[in-house]
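[1] below are the sequence and a predicted model for it; my questions follow.
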Amino acid sequence: MKPIEIYVDADACPVKNEIYRVAARHGLKVFVVSNTPIMVPREPWIERVVVGGAMDAADDWIAGRAANGDIVVTADVPLASRAVKAGAVAIAPNGKPFDDSSIGMTVATRNLLHELRSAGAVTGGPKPFEPRDRSRFLSALDQAIVRLKRAAAAP
């Protein structure tokens with residue numbers, strides 16, 4: 001069985017340090033994927049991947065590798081959709097899980113808001129990141145890892 005890997009859409013991810021702590025506790029490999037070089041801890045289980053500045057390069061790199069039994073951390077709805085279709089677990093930095101039952105509506109809502117913004121409607125942006133979002137994320141990540149480990153151990 002393939003070990004669990006965590007893929008982080010890192011350019012604007014506010015929970016990288018939390019991911020490192022949880023991954024260390026569970027002994028998991030982390031890929032920190034970004035368009036520009038960012039600092040990551042010097043640990044053998046953390047790999048920094050710089051993909052360059054092309055549009056969606058980080059998303060494409062992650063989507064091309066994330067598979068069943070992996071975890072993708074992203075706020076990017078199209079990337080989350082691609083990850084879920086590949087069988088990976090996708091979690092937003094605020095702890096919101098993306099799954100088969102929710103991703104369709106999430107994509108539709110995102111597309112509608114994009115159209116409204118393109119038409120000049122003021123739709124606002126995402127809510128500010130709050131401490132309770134960090135707590136929800138930690139809980140969601142830990143639960144996802146435990147579920148994946150149990151599924152891998154099941155006969």
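    Structure's in. What do you need? Not measured: the values here are computed from a predicted model. Residues are numbered from 1 along each chain as shown.
[2] and for residue 67, the neighbour number?
    Around residue 67 there are 13 other residues, counting by other CB atoms under 10 Å. Quick note: C-beta positions are derived from backbone N, CA and C, even for glycine.
[3] nope, residue 17 is what I meant
    11.
[4] residue 142 too?
    Using other CB under 10 Å, residue 142 is surrounded by 14 other residues.
[5] surely it and residue 22 touch.
    Yes: using CB atoms under 8 Å, residue 142 is in contact with residue 22, at 6.1 Å.
[6] and the residue nearest to residue 27 when sequence neighbours are not counted, how far is that from residue 23?
    Of all residues not flanking residue 27 in the chain, residue 45 sits nearest, at 7.5 Å (CB to CB, 6 or more residues apart in numbering). For residue 45, the distance to residue 23 equals 7 Å [CB to CB, to the nearest Å].
[7] neighbour count winner among the two?
    Counted by other CB under 10 Å, residue 45 and residue 23 do not tie: residue 23 has more neighbours, with 22 against 14.
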